[in-house]
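Student: 3D model of this:
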Amino acid sequence: MDGRQSVQMVLRFNAQPNVRLYVYRYTQDKMKKESFDAYPPHVQEVIYNVKPGLTGIGSIVFRDEEELITEVKKKGGDTWKFYKEDIYPFKGELEKWYQEHESFLTDVKIIFITAWVILKPESEIVYKWFKDLPRREF
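Tutor: Down below sits the predicted model:
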């Protein structure tokens, strides 16, 4: 192998991950934009008011999100439409609820409930502790 072939091999080896990384970042950014655009405008205005944390009320309420999507796929439905019309608007309402009830005690309850529903996924404790939390109907 001559020097030119070595350089070509190094470039080929090193270029591919960069291309893959670029494509990954581009698609991730595009997906984030499309996901953000799927939220209703009144939710878009407030969604970034809270910094991300360990868990969230949406993670508790949608702990079965993968199952919901699988069910839509099995029925031949459009999963993106389901996200845009059902999941994202409801997650937005949960986010608004959280911002209206944000406190140290609420955060402690959410952390405890997260641990609880990991152990007992069928539990409805979130609606017992947060009586005015919007209830998911799907």
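
Student: Return the set of buried residues in the strand or helix carrying residue 127.
Tutor: With elements taken from DSSP states H and E, the one containing residue 127 is helix 125-129. Using 16 or more other CB atoms under 10 Å as the test for burial, helix 125-129 gives residue 126. (Each C-beta comes from the backbone N, C-alpha and C, glycine too.)

Student: Also stretch 61-78?
Tutor: In stretch 61-78, the ones that count as buried by 16+ other CB under 10 Å are 61, 62, 68, 72.

Student: try stretch 47-62
Tutor: 56, 57, 58, 59, 60, 61, 62.

Student: What separates the first and last residues of it, distance-wise?
Tutor: Start and end residues of stretch 47-62 are separated by 17 Å (CA to CA, to the nearest Å).

Student: what's next to it, contact-wise?
Tutor: Surrounding stretch 47-62, the residues in contact under the criterion CB atoms under 8 Å, 6 or more residues apart in numbering are 36, 39, 68, 87, 90-92, 94-95, 97-99, 102, 107, 110-111, 113-114, 117, 126, 130, 133, 136.

Student: do the same with stretch 66-74
Tutor: Counting by CB under 8 Å, 6+ apart, 62, 78, 79, 82, 87, 138 sit against stretch 66-74.

Student: OK, contacts around the last one?
Tutor: Taking CB under 8 Å, 6+ apart as the criterion, residue 138 is in contact with 68, 86.

Student: domain ranges for the chain?
Tutor: 1-37, 39-138 (automatic domain parsing).

Student: can I get these in JSON lines with mean pLDDT?
Tutor: Shown next, in JSON lines, are the domains of the chain (pLDDT from 0 to 100):
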{"stretch": "domain 1-37", "mean pLDDT": "53"}
{"stretch": "domain 39-138", "mean pLDDT": "91"}
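
Student: thinking again about what came up before, to the chain's geometric centre, what's the distance from the helix holding residue 127?
Tutor: Distance of helix 125-129 from the chain centroid (CA atoms, centre = their mean, to the nearest Å) equals 21 Å.

Student: what's that helix packed up against?
Tutor: Under the contact criterion of 3 or more CB pairs under 8 Å, 6 or more residues apart in numbering; DSSP states H and E, helix 125-129 touches helix 57-61, helix 104-119.
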